[in-house]
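Engineer: Okay, structure incoming, though there's no sequence with it:
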């Protein structure tokens, strides 16, 4: 269940007659717990409560109902209950149907309220559904509630008006919903005269069955598009009850006043939505959430589309807000400096080319208004209106409904800021009528000309829009001139990997990047926005910062994208290293992202930010490279030979057999029983599952049998025929040619001695990479890798934290898993000169890791490296290995991964420079000596 569904479920529960015996189960059902789990609780099988009337769901909540007036005593008993502790309850809750008390046990935060009021605290309880909530929603649930009410209305109206769901009418439907949002907000904030004017008028003038609701709404909308002085002459005649509404203009109510037809239920939903406290709406939160209402594919994620203010400020603060606050601090009470800062802010443009419902723009506007208000306070000019125009907050959004909501959210934010900083009277005096300037463009950001939306200083665009809510698809509609000033580009473009892009997205990326980046097809979709911003900065002095998937700063994509960006004279101004960008989905792990801030300026310090658990750190550095590591600009390229070690790593063997040569132990036993000579050509095979999960598989190598045995063995000949047929149907010419020799692997790198196995993929949850030691006559299957086990030093290096961090950075990932590459991960790994003692110490560390694993036989690698259940002796063996290796690098343990990467990149830069300076022969000898 999502947040909106949970809010609705507990709201429904609160208005039902209280049933003490049923309440705990109804409460848990409201938070998404399945009937089967609740049935087990009812029977007592899983109910660990030790209190009368108590229900304890392990790792969740301990609930107890009680007699009237006994809530405090019951609540105290829940806190003192041994079962609460033993069952690892996160919350306790007591109620008698009249009052309710609850506590989150970790934080100690409590809620005490009347029973019917507890839905207003649903944000406090969201962790019960596995949803990590945020302060804004805990403190004020109006945004989630409003989203839920409008979604019900939207779905019901589309059901009754199927024509409005079609492509040619969907924009009309979305515009209608934007009008409703404005009306709900306006009647709660005195923009409309009188209390609840809009909702009460609809209630009084429309039939309860909803039959004429569309006519009533149409007349209200018509009134708000006609100046009061002109209404007497309006035809048809304006009803007297509609004359109470002000003239709004701004294009919000211009054009068609057509309204979808209502049912009794739709009318009820509209009135319920209007009864909410819209004065308290947060335009940044509400806008993010409601964008899913009008999207059939996203409606299942309703209420999850919220980016917290702290996450948005990770982009905006270092991009420009911190600088404004610093200038404010420097100005002190100096009136001239304060005035200059205010004038500077009035000319700052914030541009989000993937603006969605406008939350980045809204937060930027609100933060700037806060600074401006402090300037006015210090100058004694609190009465002044804002000099920061909404038209300086510009955006591009592909879909029309979020674009409309973005404009509306900014309008609401402007009014709320006026009320906060100037007072209700002054805010109302200047709010209406709205103007018609259109500064949010509906279109494709990778195909529009950004220069037309944020033109350079001294230029202008004179294509004038006559409707604030017009949504042109291919042309910016801007009727104002750029007077100069700073431009900051920001946002959170869509995350789609290279393999996940549809045809349209691939074409969009080609439109943005094909003229400047070879190999652009391998880039994530978000890279298109960096390319467009890079081109824009070629003409305009500006800074930009985007939230992006961390993959554009890892692996192959670095070599594709960043030489072009840095080659344009751009540099990284600040960066947030990888962190989770979560939403309000239940059990949401979030996508791993980075924030990259880029400037066209050539000087100034750079700043690296890191999130480590709940703490955040910031550090000034001279330069940040494309991997978001402090240090010189460097691009790690794949190498055919190792940079500094003598141990060669190669891929395993590739049978290219469509599985014909691979089989389980039962097949092997039967084949060898019937043909004993086969035993010498069947080997234990290792791929990912075999190594990680301990699965036993075997592989036939026909070329190790005499030709006559291949020809006359029924077992072998059947395999040969299957492989011949499979290869001959391959789309690859080389594979089809190999069909003529089916007895040979297309890639045969079989090593008869002991080998070190290196898996191609491992889970990103593991703290270490997991190489393994395989016995003699083990067949490693491609795409996994192998090294000779003559020395165990490579195993120690591979199993270190140093190596994991290196490959995570330079190799990149497949989906979220680490993806290994011998040419990019192993051959580039910089290791200091190893002495004989160093090698002996590392060999002992590798042996200790292997012995620690062996001590837990038959536990598999998957079992042993479970991040929640890694055995202590194995963890200690790895930590000892890390300590030995890191002392070789710097004589001590590193403080964190950033420090590890700094050292590795510094060493890589020096070693590649030295390697290039040597003649080929000497370079090879040098590598051997370094080993």
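Structural biologist: That came in fine, so what should we check first? Predicted, not measured: the structure shown is a model, and the values here were computed from it.

Engineer: which ones are touching residue 207?
Structural biologist: residue 213 (CB atoms under 8 Å, 6 or more residues apart in numbering). Any C-beta I mention is one placed from the backbone N, CA and C, and that applies to glycine too.

Engineer: in which helix or strand would I find it?
Structural biologist: Assigned by DSSP states H and E, residue 207 belongs to no helix or strand.

Engineer: how near is it to residue 213?
Structural biologist: Per CB to CB, to the nearest Å, residue 207 is found 7 Å from residue 213.

Engineer: So what's the residue count around the spatially closest residue to residue 444 that is not a sequence neighbour?
Structural biologist: Using CB to CB, 6 or more residues apart in numbering and skipping residues adjacent in sequence, the residue nearest residue 444 is residue 398, 5.9 Å away. Neighbour count for residue 398, taken as other CB atoms under 10 Å: 17.

Engineer: Residue 398 touches residue 443, doesn't it?
Structural biologist: Yes: using CB atoms under 8 Å, residue 398 is in contact with residue 443, at 7.1 Å.

Engineer: show me where pLDDT drops low in the stretch 51-200 of the chain?
Structural biologist: Applying pLDDT under 70 to the stretch 51-200 of the chain flags the ranges 131-141.

Engineer: Tell me where it has strands.
Structural biologist: Using DSSP state E, counting those that start in this stretch, the strands of the stretch 51-200 of the chain run over 54-57, 61-65, 91-95, 99-104, 110-114.

Engineer: Looking at those, which is nearest to residue 311?
Structural biologist: Judged by CB to CB, the one of those that comes nearest to residue 311 is strand 99-104, at 22.1 Å.

Engineer: Give me the pLDDT for the closest residue to residue 142 other than its chain neighbours.
Structural biologist: Using CB to CB, 6+ apart and skipping the chain neighbours, the partner closest in space to residue 142 is residue 280 (4.8 Å). Looking at residue 280, its pLDDT reads 83.

Engineer: And residue 723, its phi and psi?
Structural biologist: phi -70, psi -40 (degrees, to the nearest 10).

Engineer: what's near enough to touch it?
Structural biologist: 655, 656, 657, 658, 660, 661, 739, 742.

Engineer: ok, now with 7 Å
Structural biologist: 657, 660, 661, 742 (CB atoms under 7 Å, 6 or more residues apart in numbering).

Engineer: Restricted to buried residues, select the residues you listed in PyMOL.
Structural biologist: Burial among these is assessed by 16 or more other CB atoms under 10 Å; the matching PyMOL selection reads:
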select buried, resi 657+660+661+742
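
Engineer: Rebuild the contacts of residue 723 as TSV, extending it with secondary structure and pLDDT.
Structural biologist: Output for the contacts of residue 723, formatted as TSV (DSSP: H, G, I helix; E, B strand; the rest coil; pLDDT from 0 to 100):
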residue	secondary structure	pLDDT
657	coil	94
660	coil	94
661	coil	96
742	coil	94
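
Engineer: tell me which element residue 252 is part of?
Structural biologist: Assigned by DSSP H and E, residue 252 falls outside every helix and strand.

Engineer: please renumber so the chain begins at 53
Structural biologist: Will do, 53 is the new start, and the previous item becomes residue 304.

Engineer: For it, the count of nearby residues, please.
Structural biologist: For residue 304, the count of nearby residues is 25 (other CB under 10 Å).

Engineer: surely it meets residue 487?
Structural biologist: No: at 10.9 Å, residue 304 does not count as touching residue 487 under the criterion of CB atoms under 7 Å.

Engineer: Against residue 720, how distant is the residue of the chain positioned farthest from its centre?
Structural biologist: Here the chain reaches farthest from its C-alpha mean at residue 760, the gap being 60.0 Å by CA atoms, centre = their mean. Computed as CB to CB, the residue 760 to residue 720 distance reads 22 Å.

Engineer: same deal with residue 212?
Structural biologist: 66 Å.

Engineer: Comparing these two, which shows the higher neighbour count?
Structural biologist: residue 720 (19 against 15).

Engineer: my hunch is that that one is in a helix, does that hold up?
Structural biologist: Yes: membership of residue 720 in a helix is supported by DSSP: H, G, I helix; E, B strand; the rest coil.

Engineer: and it, what is it in contact with?
Structural biologist: Counted by CB under 7 Å, 6+ apart, residue 720 has contacts 734, 750.

Engineer: pLDDT score for it?
Structural biologist: 96.

Engineer: just for the stretch 753-902 of the chain, where's the confidence low?
Structural biologist: In the stretch 753-902 of the chain (pLDDT under 70), the answer is 865-868.

Engineer: quick one: the strands in it?
Structural biologist: Shown for the stretch 753-902 of the chain, the strands assigned by DSSP E, counting those that start in this stretch span residues 807-810, 813-814, 824-826, 830-832, 837-840, 865-866, 869-871.

Engineer: In CSV, list those along with mean neighbour count and distance to residue 483.
Structural biologist: Listed next are the strands of the stretch 753-902 of the chain as CSV, based on neighbours: other CB atoms under 10 Å; distance: least, CB to CB, whole Å:
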stretch, mean neighbour count, distance to residue 483
strand 807-810, 26, 65
strand 813-814, 20, 57
strand 824-826, 19, 69
strand 830-832, 27, 71
strand 837-840, 22, 66
strand 865-866, 17, 49
strand 869-871, 19, 53
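
Engineer: right, and those - which one's nearest residue 255?
Structural biologist: strand 865-866 (55.6 Å).

Engineer: need the contact list for residue 832.
Structural biologist: Taking CB under 7 Å, 6+ apart as the test, what residue 832 contacts is 704, 705, 738, 807, 809, 838.

Engineer: I'd like to know how far the last one sits from residue 878.
Structural biologist: When distance is defined by CB to CB, residue 838 is 11 Å away from residue 878.

Engineer: And for the fifth one?
Structural biologist: The gap separating residue 809 from residue 878 is 13 Å, by CB to CB.

Engineer: again with the third one
Structural biologist: Plainly put, residue 738 is 18 Å away from residue 878 if you go by CB to CB.

Engineer: One more: the first one?
Structural biologist: The gap separating residue 704 from residue 878 is 14 Å, by CB to CB.

Engineer: do the same with the fourth one
Structural biologist: For residue 807, the distance to residue 878 under the criterion CB to CB works out to 14 Å.

Engineer: quick one on the thing from earlier: the residue farthest from the centre of the chain and residue 915: what is the separation?
Structural biologist: From residue 760 to residue 915 the distance is 46 Å (CB to CB).

Engineer: And residue 465, by the same measure?
Structural biologist: 53 Å.

Engineer: higher neighbour count, these two?
Structural biologist: residue 465 (24 against 16).

Engineer: List the contacts of residue 757.
Structural biologist: By CB under 7 Å, 6+ apart, the neighbours of residue 757 are 733, 768.

Engineer: So what's the residue count around residue 551?
Structural biologist: Counted with other CB under 10 Å, residue 551 comes out at 9.

Engineer: can you pull the pLDDT of it?
Structural biologist: pLDDT, read off for residue 551, is 84.

Engineer: coming back round to it: want to throw the contacts of residue 775 into TSV with distance to residue 756?
Structural biologist: Formatted as TSV, the contacts of residue 775 follow (distance: CB to CB, whole Å):
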residue	distance to residue 756
709	15
712	16
713	12
794	14
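
Engineer: Looking at the contacts of residue 775, which one is closest to residue 848?
Structural biologist: residue 713 (33.4 Å).

Engineer: May I have the beta-bridge partners of the spatially closest residue to residue 902 that is not a sequence neighbour?
Structural biologist: When the adjacent residues along the chain are set aside, residue 902 lies closest to residue 825, with 5.8 Å between them (CB to CB, 6+ apart). In this entry, residue 825 is beta-bridged to residue 808, by DSSP bridges.

Engineer: wouldn't residue 825 be in contact with residue 901 here?
Structural biologist: No: with contact defined as CB under 7 Å, residue 825 does not reach residue 901; the gap is 9.6 Å.

Engineer: from what I can see residue 952 touches residue 854, true?
Structural biologist: Yes: taking contacts as CB under 7 Å, residue 952 lies within contact range of residue 854: 5.7 Å.
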